[in-house]
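Q: Any chance you could fold what I've pasted below:
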Amino acid sequence: MRKTLRLSFSLRNTYRVNSILYALRQVPLLRRLVPADVYRHREFKLLANVLSVVWEILSVFVGKALYVVLMVMVPASLLDLSAHARAQLLLHLFLLLSLIGATTDTYLFDPSKDKYYAVVLLGMDAREHTLVNYLYALAKALVGLTLCTLVFALPAGLSLGQCLLVPLYVVGVKMVYSARWLWDYEKGGRVHSEMRDAASLWVVMFLLLGAAYALPLMGLMIPVTVAVPCMVAGALLGIPALWKILTFAHYPTMCKELLQDAVVTHPVTLQGVRLDAIRKSISVDTGITSQRKGLEYLNELFIKRHQGLLWRSARRIVVAALIVFVGCVVAMRQLPSFRLSVNDSLMSYLPHMVLVMYAINRGSGFTQTLFVNCDRSLLTYPFYKQPGSILRLFWIRLREIVKVNLLPAAVIGVALTSLLYLSGGTDAPVDYVVLFVSVTVMSVFLSVHYLTLYYLLQPYNAGTEMRSGTYRVMTAVTYAVCYLMMWVRLPALVFGAALIAFCVCYCIVASVLVYRLAPKTFRIRP
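A: Next up is the predicted model:
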């Protein structure tokens, strides 16, 4: 076991060091300082090793701290509650959100690259490698969460015992969920994969998120007398689950099936099995044609052949939004206090919608589809990279991506204005217009932003793997800015006017940047 852990660390560190060195070459400001043969320079490898060790240490605490602060502490601070009610809300959030982590981040069923390298390429013992790395991941989660709950949740109102119980509950439910799938594999031979079963996991995640955050807004929270016993039960159930995990006899065959989903097993993939899903969604109807000319002809054929793929998620978001709308209407009829809260929140917390629109925007998926089924081939032709052609196609594609994102945005805008009216209305009729327009403008801005990033940083190589560290950083910055908008406190009219002005300016700047820079940056990465 000790040797396996040491080899796993060495393998993970080597992979991480190579990734760091490659990323340094991708940052525009550092590209001139980092030599092309950076892998041969000892000083750069030493720097990358130091960063790798720091990365490993920070991974124990940083992710857990962000989770506790952003997902639990900040939402709890937005409600004006007594000390007892705040502690109840914290336990409510920990109880439900931990179930999301148990189903979406099991550690055991993640077909990662380092697992593929170790088990398939290096021939390490599948059982020993899986168990060592799984127990190590659980230990990191236990240590990180214990420290974070003591630092953040203890001063916020949880008792010392409750703070210590939360990490045990989290680890316990993770083991229970993993053991459940091991039992299922023994009975039916089907291996669970976080990559293959992503669709069903997203459904579970959204349901639990709704229960975690929507219920407190209605004045409903899981009582402490229920939450604490549930957490104790989850922690105790982890004991037999751990025994099942340790005694499971089919790790070699399970790993072989699981790692068929690993990115490295497919030379041409897009984040695992996503490329296969994209291909299956393309229409093969040979009768599809267009009467348009030039780039408009190319775009219309692309849109018609990928109509199902591009619009499916938008239609699902519309259905989800309508379900939430109906639920809010029913809740307002049953709970007068909730009706007053909705009326006040719609105008006071309009900037919060920026994060919501970011979450549902399909810009990233749209650009991925563009590259996989169009640009990957056409970027090999010189005419496709001419400034005039690039700008023309940029605006054509922007029109299409705005159409896709405007459908759910318009439905959400109408739903919000309807909720404002049904919850008591407003003295200023212009507020209805501001609410609807602001939501749609957010959608337009994010569409422009994603397409601009795609043209300026085109992150994919010929194998459709993301190879741009700058693109990842910019998407992370985008999320951070959208999240920070939750702290903006502006009148709805002022916020809406500022948003419209910013969106117009951003479109102009984006067009100029795409025209000037995209001929150099819009290329297939090595």
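Q: Name the SS class of Asn13, please.
A: helix (DSSP: H, G, I helix; E, B strand; the rest coil).
Q: Which residues are in contact with it?
A: For Asn13, the contact set (Cβ atoms under 8 Å, 6 or more residues apart in numbering) comprises Asn49, Ser52, Val53, Glu56. All C-beta spots, glycine's among them, are computed from the backbone N, C-alpha and C.
Q: From the residues you listed, keep the buried residues only.
A: Of the members of the contacts of Asn13, the ones counted as buried by neighbours, 16 or more other Cβ atoms under 10 Å, are Ser52.
Q: Now do the lengthiest helix in the chain: distance to the chain's middle.
A: Determined from DSSP state H, the single longest helix within the chain is helix 387-422. On the basis of Cα atoms, centre = their mean, to the nearest Å, helix 387-422 is displaced by 21 Å from the centre of the chain it belongs to.
Q: Just the pLDDT at Arg42, thanks.
A: Listed pLDDT for Arg42 reads 80.
Q: That one: neighbouring residues, count only.
A: Applying other Cβ atoms under 10 Å, we find 7 other residues in the vicinity of Arg42.
Q: possible to save the contacts of Asn13 as TSV with distance to Leu322?
A: Formatted as TSV, the entries for these read as follows, by distance: Cβ to Cβ, whole Å:
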residue	distance to Leu322
Asn49	53
Ser52	47
Val53	50
Glu56	45
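Q: Now intersect the contacts of Asn13 with the helices, please.
A: When the contacts of Asn13 are checked against helices using DSSP H, the ones located there are Asn49, Ser52, Val53, Glu56.
Q: Phi first, then psi, for the nearest residue to Trp395 once chain neighbours are set aside.
A: Nearest residue to Trp395, sequence neighbours excluded (Cβ to Cβ, 6 or more residues apart in numbering): Ser511, at 7.5 Å. Backbone torsions for Ser511, taken as degrees, to the nearest 10, come to phi -60, psi -40.
Q: avg pLDDT for stretch 131-143?
A: The predicted model assigns stretch 131-143 a mean pLDDT of 89.
Q: got a list of contacts for that stretch?
A: Around stretch 131-143, the neighbours that count as contacts under Cβ under 8 Å, 6+ apart are 1, 4-5, 8, 59-60, 64, 107-108, 115, 167-168, 170-171, 174-175, 178, 245-246, 251.
Q: Tell me the buried residues within those residues.
A: The neighbour count (16+ other Cβ under 10 Å) marks 4, 8, 60, 64, 107-108, 115, 167-168, 170-171, 174-175, 178, 245, 251 as buried among the contacts of stretch 131-143.
Q: Pick the one among those closest to Ser443.
A: Lys64 (32.7 Å; Cβ to Cβ).
Q: in the helix or strand following the longest helix of the chain, what counts as buried?
A: Once helix 387-422 ends, the next helix or strand along the chain (criterion: DSSP states H and E) is helix 430-457. Of the residues in helix 430-457, those with enough neighbours to count as buried (16+ other Cβ under 10 Å) are 431-432, 434-436, 438-457.
Q: And helix 430-457, what does it pack against?
A: Applying 3 or more Cβ pairs under 8 Å, 6 or more residues apart in numbering; DSSP states H and E, we find helix 430-457 packed against helix 336-348, helix 353-360, helix 363-370, helix 387-422, helix 469-484, helix 492-521.
Q: Mean neighbour count and mean pLDDT added to these, as JSON lines?
A: Compiled in JSON lines, those are given as follows (neighbours: other Cβ atoms under 10 Å; pLDDT from 0 to 100):
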{"stretch": "helix 336-348", "mean neighbour count": "16", "mean pLDDT": "78"}
{"stretch": "helix 353-360", "mean neighbour count": "18", "mean pLDDT": "87"}
{"stretch": "helix 363-370", "mean neighbour count": "20", "mean pLDDT": "82"}
{"stretch": "helix 387-422", "mean neighbour count": "19", "mean pLDDT": "90"}
{"stretch": "helix 469-484", "mean neighbour count": "15", "mean pLDDT": "85"}
{"stretch": "helix 492-521", "mean neighbour count": "16", "mean pLDDT": "88"}
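Q: Including distance to Leu378, could these go into a markdown table?
A: What follows is these, written out as a markdown table (distance: least, Cβ to Cβ, whole Å):
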| stretch | distance to Leu378 |
| --- | --- |
| helix 336-348 | 45 |
| helix 353-360 | 29 |
| helix 363-370 | 10 |
| helix 387-422 | 10 |
| helix 469-484 | 20 |
| helix 492-521 | 14 |
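Q: which stretch among these comes nearest Gly188?
A: Nearest to Gly188, of all the helices and strands packed on helix 430-457, is helix 363-370, at 31.8 Å by Cβ to Cβ.
Q: after that closest one, next one along is what?
A: helix 376-378.
Q: can you list contacts of that next one?
A: By Cβ under 8 Å, 6+ apart, the residues outside helix 376-378 that reach it are Tyr384, Tyr460, Ala462, Thr464, Ile524.
Q: ok, these vs Val477, which is closest?
A: If you rank these by distance to Val477 using Cβ to Cβ, Tyr460 comes first, at 19.6 Å.
Q: any idea how far the most centrally placed residue in the chain lies from Pro408?
A: Among the residues of the chain, the smallest C-alpha distance to the mean C-alpha position (Cα atoms, centre = their mean) belongs to Ala359, namely 8.0 Å. Computed as Cβ to Cβ, to the nearest Å, the Ala359 to Pro408 distance reads 11 Å.
Q: again, but for Ser348
A: Distance from Ser348 to Pro408, by Cβ to Cβ: 23 Å.
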